[in-house]
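Enquirer: With the input below, show me the fold.
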Amino acid sequence: MEDFSNEELAMSLLNVALPYDPHSIRCGAAMLGTDGNDVSMLARLAVEERSVLVLRHVAESGVRYEPSEPFWSMLLAALPLTPPPKDGVLPHPTRFIAMTGMDRGGQRGLRAQWLRPRPRPFAAC
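Expert: Predicted coordinates:
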């Protein structure tokens, strides 16, 4: 059995042919944010799966909340243009991030961090 790549897993969670599930879309958005994803592969899979609209929605959210991360801009540039999704159909962009109003040090201010998988730390047996 062959494992799925992160790109394939992300696109399977964002696939419009599946029953609508906001949780799956949020998980797919997290997988898109995984370090090392191949932009051209994601764009190709989105076109093949007819899920460009969903992928663009997530990538536009990435540009908004992680403007210093070039991955999101590169992904948008690789995708065909689509009309925006109808309001309320896809999860709000804030569902893809963790936001704080005050951090543990008592500093006020909005901080946003994209939710993405993290490598598990090594556990000794």
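Enquirer: quick one: low-confidence ranges for this protein?
Expert: Counting by pLDDT under 70, the chain shows low-confidence ranges at 1-2, 101-110, 119-125.
Enquirer: For residue 88, see how far away the residue nearest the centre of the chain is.
Expert: Taking C-alpha atoms, centre = their mean as the criterion, residue 29 is the residue nearest the geometric centre of the chain, at 2.3 Å. The gap separating residue 29 from residue 88 is 17 Å, by C-beta to C-beta, to the nearest Å. All C-beta spots, glycine's among them, are computed from the backbone N, C-alpha and C.
Enquirer: Ok, residue 80 next?
Expert: For residue 80, the distance to residue 88 - C-beta to C-beta - is 24 Å.
Enquirer: Those two: which has the busier surroundings?
Expert: Per other C-beta atoms under 10 Å, whichever of residue 80 and residue 88 has more neighbours is residue 80, with 10 against 7.
Enquirer: Quick check: closest non-adjacent residue to the more buried one.
Expert: residue 52 (5.7 Å; C-beta to C-beta, 6 or more residues apart in numbering).
Enquirer: Residue 75 too?
Expert: residue 59 (4.5 Å).
Enquirer: what's near enough to touch the one you found?
Expert: Taking C-beta atoms under 8 Å, 6 or more residues apart in numbering as the criterion, residue 59 is in contact with 32, 72, 75, 76, 79.
Enquirer: Return the backbone torsion pair for it.
Expert: Dihedral pair for residue 59: phi -60, psi -40, per degrees, to the nearest 10.
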